[in-house]
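Visitor: sequence first, predicted model second:
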Amino acid sequence: MHGMPGGYVAGLIVLLVGLGSALLALWLYRARVVQPLRRRNQALQQQLDQSIQARQTMADQLAQETTATGQTKKRMTSIFESAPNGMLVVNQEGKITQANSMAAHIFRCQPNDLVGIPVEQLVPPELRAGHIHDREQFQAKPSKRMMGARRDLYGVRFDGSYVPLEVGLHPVDLEGGAEIVASLVDISQRKAYEERIHERNEALELSNRELQEFAFIASHDLREPLRKIIAFSTLLQEGEYGQFNEEGQTFSGYIVSAAQRMRSLLEDLLAYSRVTSQASPLRLMPLAPVLQDVLEDLQLAIEDEQATIEVGPLPEVYGDAVQMRQLFQNLISNALKYHHPERQPVIRISAEEDDSHYRLRVVDNGIGFEPVFAEQVFEVFKRLHDKQAYAGTGMGLAICRKIVQRHGGVIYAQPVVNEGTTMVIELPKQVLVDE
Amino acid sequence: MSEEQADTPILLMLDDDQEDALLVSTALRRAQLPLSFTHIQTSEQFGAYLGQIEAWLAQRPVALLLDLNMPGKSGLDWLARLRQQSELKCLRIIVFSTSCASEERLRTLALGADEHIGKPDSVAELVTVLSAVYERWISSKEW
């Protein structure tokens, strides 16, 4: 073995082998350990990136939400502040934790004066004990509700005066226990209005009653002096106390007839006021017998005018028999009275019905009148003719209308000049208000 | 009344209205009814008469024309009270009122009035009415 010793070669081989093994080991290490680590690292990096991004998004959202919450809070504060009602927040212990300026306005103080005080301080002293009890019950079992809508509820202002209130209670369930949001309405103005309306209604009722009584008493008592005028005038006319000449007779006659006329006016006024003051309850009653009675009463006038009366089938209506009789008596008397001079009177009484009403008609062939007066003829003391041509006080149809109105119906005239008049009465089949 | 015979029937009138009393006395004079007429204007005066009426009733007919509208105790009050007194059950009570409205008439008749008449317009009518009252309640009937 020239040149190189055999040990050197072997050593080189060993070195080479060793180097190879080391390289192999290194390669194996890279393949087995480093690369997965790097991959893992990369994945981690990726995850980290994602996480950072997510956090950023969350932070952004949070910021947005914070802004939104701030805005909501602002909005809520603004609503609370600007509410037209007084608003109080009352905590579990019954202390006011928040109050708006309207509440302060109601109690005549500053909002800060209300914060921190027990809510019972705003309750009238005599009701405080009851209020504490009610509040504790409410807090134990809260529910939304209105107070004071049905009964009188009062608060005490800082100056000691009382204020009528309507109170709405809204429980707010919080972790520290339920709070109560109370909304308060100062109803003193409404109360004042209600009181005024009530007073006016009472005054109106009183004045109505007085008017009724007045009409009744006046027409009753005013007849007394008239009777005296008539009695003493006729006594003088009889000549026992001195003879009148012809003119004196005529003039004293005027006194008597004026007094008599005045008395018929009063009698009709009395009849008019009696429609409501001396009324009987409405009962279901047949109209046919009423008509029969009326025609019997008017028998003489009917014969005098040689009138023909035709009565169709008539229904049963809810009515006051006395007043129904007066109604038809007035209408048929009118039909006879205002007959046409050139023809015999024909008067037809008929009835028809629809779902809700009976429609009764009294039709004549008399002189009729201008349709422009169709409403006026129902007015009190309204006359279309002078009293020489036709006697009467002008109360007949006014009484008719009052009777029909009392029966919940309507009456109207359909006149045709020179041809006749149709009087229409509509009566409800059902009486709405049972007297 | 002093000159009348002891059995002349008596017509009393309780009415606060003097003119009506005057008309009635005028009518009675014209009708020439054998009656002794006395007008009593107030409830107080009439109250004092009650004992006297009882005494009169022992001897002769007594009728009362009773007005309804009077101050103080009304005619209806008197009617009810007089009809509760059994000693006065023979007293004829004729309600003499301005109003002859049927409901008022029913009320007075229910309270025991013998008749309810409206005050007429003239002395002539009054003569007729009072003569009828005399015939019906005073002259022929036993009291």
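Guide: Here it is on my side, so go on. Keep in mind that what you see is a predicted model, and the values were worked out from it rather than measured. Residues are numbered from 1 along each chain as shown, chains lettered A, B, ... in the order given.
Visitor: please list all residues in contact with A:Leu165.
Guide: A:Ile106, A:Gly148, A:Leu153, A:Tyr154, A:Gly155, A:Leu184, A:Val185, A:Asp186, A:Ile187 (CB atoms under 8 Å, 6 or more residues apart in numbering or on different chains). Placement of C-beta: from N, CA and C, glycine included.
Visitor: just the closest of the residues you listed to A:Gly248, please.
Guide: A:Ile187 (74.5 Å; CB to CB).
Visitor: read off the pLDDT value for A:Glu435.
Guide: Each residue has a pLDDT score; the one for A:Glu435 is 43.
Visitor: where do the strands sit along chain A?
Guide: Shown for chain A, the strands assigned by DSSP state E span residues A:86-90, A:96-99, A:145-147, A:154-156, A:162-174, A:177-186, A:283-286, A:308-311, A:316-319, A:346-353, A:357-364, A:410-416, A:420-428.
Visitor: likewise for chain B?
Guide: Shown for chain B, the strands assigned by DSSP E span residues B:10-14, B:36-40, B:62-66, B:92-97, B:115-118.
Visitor: reformat those as TSV; add mean neighbour count.
Guide: Formatted as TSV, those follow (neighbours: other CB atoms under 10 Å in any protein chain shown):
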stretch	mean neighbour count
strand B:10-14	24
strand B:36-40	18
strand B:62-66	25
strand B:92-97	24
strand B:115-118	19
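Visitor: low-confidence ranges in the chain?
Guide: No chain in the question, so chain A it is. Low-confidence segments of chain A (pLDDT under 70): A:1-6, A:146-151, A:176, A:432-435.
Visitor: my question was about chain B, not that one.
Guide: Answering for chain B: the residues below the bar, that is pLDDT under 70, span B:1-6, B:100, B:140-143.
Visitor: return the residues in contact with the residue in chain B that chain A sits nearest to.
Guide: Across chain B, the shortest distance to chain A (CB to the nearest CB) belongs to B:Ser122, at 4.2 Å. By CB under 8 Å, 6+ apart, the residues touching B:Ser122 are A:Ile230, A:Ala231, A:Thr234, A:Leu235.
Visitor: same thing but 6 Å
Guide: Neighbouring residues of B:Ser122 by CB atoms under 6 Å, 6 or more residues apart in numbering or on different chains: A:Ala231, A:Thr234.
Visitor: which parts of the chain are helices?
Guide: Picking chain A for this. Taking DSSP state H to define them, one finds helices in chain A at A:6-29, A:35-82, A:101-107, A:111-114, A:128-140, A:188-221, A:223-237, A:246-277, A:288-297, A:299-304, A:321-337, A:396-406.
Visitor: look at chain B instead
Guide: When secondary structure is read from DSSP H, chain B shows helices at B:18-31, B:43-57, B:75-84, B:102-110, B:123-133.
Visitor: any idea how far the last one is from the chain center?
Guide: The chain centre lies 13 Å from the centre of helix B:123-133; the measure is CA atoms, centre = their mean, to the nearest Å.
Visitor: same check, this time on stretch A:171-190
Guide: Its chain's C-alpha centre and that of stretch A:171-190 lie 28 Å apart, by CA atoms, centre = their mean.
Visitor: name all residues that make contact with residue 88.
Guide: No chain was given, so I picked chain A. A:Leu88 touches A:Ile96, A:Ala99, A:Ala103, A:Ala182, counting by CB under 6 Å, 6+ apart.
Visitor: you answered for a different chain; I wanted chain B.
Guide: B:Leu88 makes contact with B:Leu82, according to CB under 6 Å, 6+ apart.
Visitor: what's the separation between it and A:Leu222?
Guide: 34 Å (CB to CB, to the nearest Å).
Visitor: with A:His385 instead?
Guide: A:His385 is 26 Å from A:Leu222, by CB to CB.
Visitor: if we can go back for a sec, just read off the phi/psi values of the residue of chain B closest to chain A.
Guide: phi -140, psi 160 (degrees, to the nearest 10).
Visitor: repeat for A:Asn365
Guide: Phi and psi for A:Asn365, reported as degrees, to the nearest 10, are phi -110, psi 40.
Visitor: quick one: contacts for the closest residue to it other than its chain neighbours?
Guide: Once flanking residues are discounted, A:Asn365 sits nearest to A:Gly420: 4.3 Å by CB to CB, 6 or more residues apart in numbering or on different chains. Listed by CB under 6 Å, 6+ apart, the contact partners of A:Gly420 are A:Asp364, A:Asn365, A:Gly366, A:Gly368.
Visitor: what about 10 Å?
Guide: Listed by CB atoms under 10 Å, 6 or more residues apart in numbering or on different chains, the contact set of A:Gly420 reads A:335, A:338-340, A:343, A:345-348, A:363-369, A:414.
Visitor: over to B:Leu106?
Guide: Listed by CB under 10 Å, 6+ apart, the contact set of B:Leu106 reads B:His116.
Visitor: then the one 5 residues further on?
Guide: Taking CB under 10 Å, 6+ apart as the contact definition, B:Leu111 lies against B:Gly75, B:Leu76, B:Asp77, B:Trp78, B:Leu79, B:Ala80, B:Arg81, B:Leu82, B:Arg83, B:Ile93, B:Val95.
Visitor: just the buried residues from these, in ChimeraX please.
Guide: Buried members of the contacts of B:Leu111, defined by 16 or more other CB atoms under 10 Å in any protein chain shown, are picked up in ChimeraX with:
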select /B:75,76,78,79,82,93,95
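Visitor: which of the strands of chain A is buried the deepest?
Guide: Most buried of the strands of chain A, by mean neighbour count (mean count of other CB atoms under 10 Å in any protein chain shown): strand A:86-90, with a mean of 23.
Visitor: could you tell me the angle between it and strand A:177-186?
Guide: Angle, strand A:86-90 to strand A:177-186, by axes from the mean of the first three to the mean of the last three CA atoms, to 10 degrees: 160 degrees.
Visitor: partner strands of strand A:86-90, with direction?
Guide: The strands that strand A:86-90 pairs with in its sheet are strand A:96-99 (antiparallel), strand A:177-186 (antiparallel) (by DSSP bridges).
Visitor: what residues does chain B have near chain A?
Guide: Contacts of chain B with chain A, taken as CB under 10 Å from any CB of the partner chain, map to B:17, B:19-20, B:22-23, B:26-27, B:30, B:69, B:98-99, B:101-104, B:118-126.
Visitor: quick check on those: which are buried?
Guide: For the residues of chain B next to chain A, buried by 16+ other CB under 10 Å: B:17, B:20, B:22-23, B:26-27, B:30, B:69, B:98-99, B:101, B:104, B:118-123, B:126.
Visitor: dump the contacts of A:Leu88 to TSV, plus distance to A:Asn245.
Guide: Listed next are those as TSV, based on distance: CB to CB, whole Å:
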residue	distance to A:Asn245
A:Ile96	99
A:Ala99	97
A:Ala103	92
A:Ala182	94
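Visitor: so what's the residue in chain A that chain B sits nearest to up against?
Guide: Relative to chain B, the nearest point of chain A is A:Thr234 (4.2 Å; CB to the nearest CB). Shown in contact with A:Thr234 (CB under 10 Å, 6+ apart): A:Ser252, A:Gly253, A:Ile255, A:Val256, B:Asp121, B:Ser122, B:Val123, B:Ala124, B:Glu125.
Visitor: nearest to A:Leu127, of those residues?
Guide: Of all the contacts of A:Thr234, A:Leu127 sits closest to B:Asp121, with 70.5 Å by CB to CB.
Visitor: the closest one reaches A:Ser257, doesn't it?
Guide: No. The criterion here is CB atoms under 10 Å, and B:Asp121 misses it with A:Ser257 at 11.9 Å.
Visitor: need the overlap of contacts for the two.
Guide: Common contact partners of B:Asp121 and A:Ser257 (CB under 10 Å, 6+ apart): A:Ile230, A:Ser233.
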